[in-house]
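Engineer: Attaching a predicted model along with its sequence, questions to come.
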Amino acid sequence: MTATLTTPTPGRTGGRKRRTKVHHKGAIFAFVVPFGVLFAAFYLVPIGYAIVQSTLVVERDGTFGKATEVFGGLQQYALVFQNAPFWRSVGRVLLFGVVQVPVMLGLALLFALLLDSPLVKGKKFFRLAFFVPYAVPGVIAAIMWGFLFSPDLSPFTALTQNVHFLSADLVLWSIANVVTWVFVGYNMLIIYSSLLAIPTEVYEAARLDGASQARIAWSIKIPMVRPAIVLTAIFSIIGTLQLLAEPQVFRSFSSAVTSTFTPNMTVYATSSIPNFNLAAAFSVVLALATFVLSFTFLKFTQRKDAS
């Protein structure tokens, strides 16, 4: 099977077009359709279902009457914007992201530059060592670090009995430590892969001009891997607003972590009542906030690159 594409051909008139044939049109559908079906089934349909659920309210015929769901418009969203614990949790994870994301991506960039440096030996070992924490499931990592931070269970009692890592003042940053430990290696590999794509001729020209390794890293490597850094930053913003596993595990170690500590924990606690309609409204608002923050950050970086 073939398909015909029309592409403009540069010329004096600028309007002349050339037709090219695309062969194996069936193969294109064979690759695209499975993705489209899975994307619709596991992404679009759940989003649509959540939006529908968020517009419903539960009504009862009398005190003990049968509960029925009826259309309630924006009533659930009004409750969301009146829910102070939810917005405190949003502010908490935003503070978390402002501090944790730059630290994590800074370490990932540093490790990627070290792995790409010709001065470092044993690159295979260090690449594996940096990536190994990402292979540990987040729940297991949180349990492990929870024991290390616990004053009574940690093998480092001389430290944990004097520095209360699980107190209300420090527990957020203890969780940040776990997230950083797990995801530095993942982000490092993305940046390192981008470094490997830089042509070696660029480095050779810089060395001929007398540039040191530090100068090459600052003036060539970092600017050329900027798209990879932006990509990891967007992933990190999304992950920050979806924070759930680590604080949920830390509830077993610290009373400072409540059921509304993060937005996703608020959604989970609300659905456990159960109040699925309000939980769906929380989810929709959180998804929109994630989209707005990610899109704003992307547009800001693109505008900065253009200038």
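Structural biologist: Thanks, I have it. This structure is a prediction, so every number in the text was calculated from the model and none was measured.
Engineer: State the number of residues packed around residue 70.
Structural biologist: For residue 70, the count of nearby residues is 9 (other C-beta atoms under 10 Å). Every C-beta, even on glycine, is put in place using the N, C-alpha and C of the backbone.
Engineer: Contacts only, for the residue lying closest to it once chain neighbours are set aside.
Structural biologist: For residue 70, ignoring the flanking residues on the chain, the nearest one in space by C-beta to C-beta, 6 or more residues apart in numbering is residue 59 at 5.5 Å. Residues counted as contacts of residue 59 (C-beta atoms under 8 Å, 6 or more residues apart in numbering) are 67-70.
Engineer: Relative to residue 43, which of the residues you listed is nearest.
Structural biologist: Using C-beta to C-beta, residue 69 comes nearest to residue 43 of those, at 24.1 Å.
Engineer: Next, that closest one: secondary structure please.
Structural biologist: strand (DSSP: H, G, I helix; E, B strand; the rest coil).
Engineer: picking that back up, tell me if the residue nearest to residue 70 really is in a strand.
Structural biologist: Yes: using three-state DSSP, the secondary structure at residue 59 is a strand.
Engineer: Mind listing the residues bridging to it?
Structural biologist: residue 68 (DSSP bridges).
Engineer: just the helices in the stretch 51-200 of the chain please.
Structural biologist: 75-81, 84-116, 123-135, 138-149, 157-160, 171-196, 200-208 (DSSP state H, counting those that start in this stretch).
Engineer: right, and the ones you listed - which one's nearest residue 228?
Structural biologist: In terms of C-beta to C-beta, the element of the helices of the stretch 51-200 of the chain nearest to residue 228 is helix 171-196, at 3.7 Å.
Engineer: Any idea how many residues pack against residue 173?
Structural biologist: Residues within reach of residue 173, counting by other C-beta under 10 Å, total 14.
Engineer: While we're on the residue nearest to it when sequence neighbours are not counted, how confident is the model there?
Structural biologist: Among residues not flanking residue 173 along the chain, residue 99 sits closest, at 7.6 Å (C-beta to C-beta, 6+ apart). Reading off the confidence values, residue 99 has pLDDT 96.
Engineer: Kindly report the same for residue 71.
Structural biologist: The predicted local confidence for residue 71 is 89.
Engineer: separation between it and residue 281?
Structural biologist: Distance check for residue 71 against residue 281: by C-beta to C-beta, to the nearest Å, it reads 14 Å.
Engineer: what about these two, which has more around it?
Structural biologist: Neighbours around residue 71 and residue 281, counted as other C-beta under 10 Å, are more numerous at residue 281. The numbers are 28 against 9.
Engineer: Tell me the buried residues in the strand or helix carrying the more buried one?
Structural biologist: Secondary structure assigned from DSSP states H and E places residue 281 in helix 276-306. Judged by neighbour count using 16 or more other C-beta atoms under 10 Å, the buried positions of helix 276-306 are 276-287, 290, 293-294, 301.
Engineer: Repeat that for stretch 67-78.
Structural biologist: Result for stretch 67-78 [16+ other C-beta under 10 Å]: buried residues 72, 75-77.
Engineer: could the residues you listed be laid out in a markdown table, adding distance to residue 197?
Structural biologist: Shown next, in a markdown table, are the buried residues of stretch 67-78 (distance: C-beta to C-beta, whole Å):
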| residue | distance to residue 197 |
| --- | --- |
| 72 | 52 |
| 75 | 51 |
| 76 | 47 |
| 77 | 45 |
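Engineer: Quickly name whichever of these is closest to residue 151.
Structural biologist: Top of the list for closeness to residue 151, among those and by C-beta to C-beta, is residue 76 at 41.7 Å.
Engineer: The closest one reaches residue 57, doesn't it?
Structural biologist: Yes: counting by C-beta atoms under 8 Å, residue 76 touches residue 57, with 6.9 Å between them.
Engineer: which residues are common contacts for these two?
Structural biologist: When contacts are counted by C-beta under 8 Å, 6+ apart, residue 76 and residue 57 are jointly contacted by residue 277.
Engineer: In contact with residue 33: list those residues for me.
Structural biologist: With C-beta under 8 Å, 6+ apart, residue 33 has no contacts at all.
Engineer: how far is the helix or strand containing it from where the chain is centred?
Structural biologist: Secondary-structure assignment from DSSP H and E places residue 33 in helix 25-39. Shown here is helix 25-39, whose average C-alpha point lies 26 Å from the average C-alpha point of the whole chain (C-alpha atoms, centre = their mean, to the nearest Å).
Engineer: For that helix, output the C-alpha coordinates as CSV.
Structural biologist: Below are the C-alpha coordinates for helix 25-39, written out as CSV (Å, rounded to 0.1, in the frame of the first residue of the first chain):
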residue,chain,number,x,y,z
LYS,A,25,1.2,2.5,4.8
GLY,A,26,-0.1,-0.6,6.6
ALA,A,27,3.1,-0.8,8.6
ILE,A,28,2.5,2.8,9.9
PHE,A,29,-0.9,1.8,11.2
ALA,A,30,0.5,-1.4,12.7
PHE,A,31,2.8,0.7,14.8
VAL,A,32,0.5,3.6,15.6
VAL,A,33,-2.8,1.9,16.3
PRO,A,34,-1.6,-0.2,19.3
PHE,A,35,-0.2,2.9,20.9
GLY,A,36,-3.4,4.8,20.2
VAL,A,37,-5.6,2.1,21.7
LEU,A,38,-3.5,1.9,24.9
PHE,A,39,-3.2,5.6,25.2
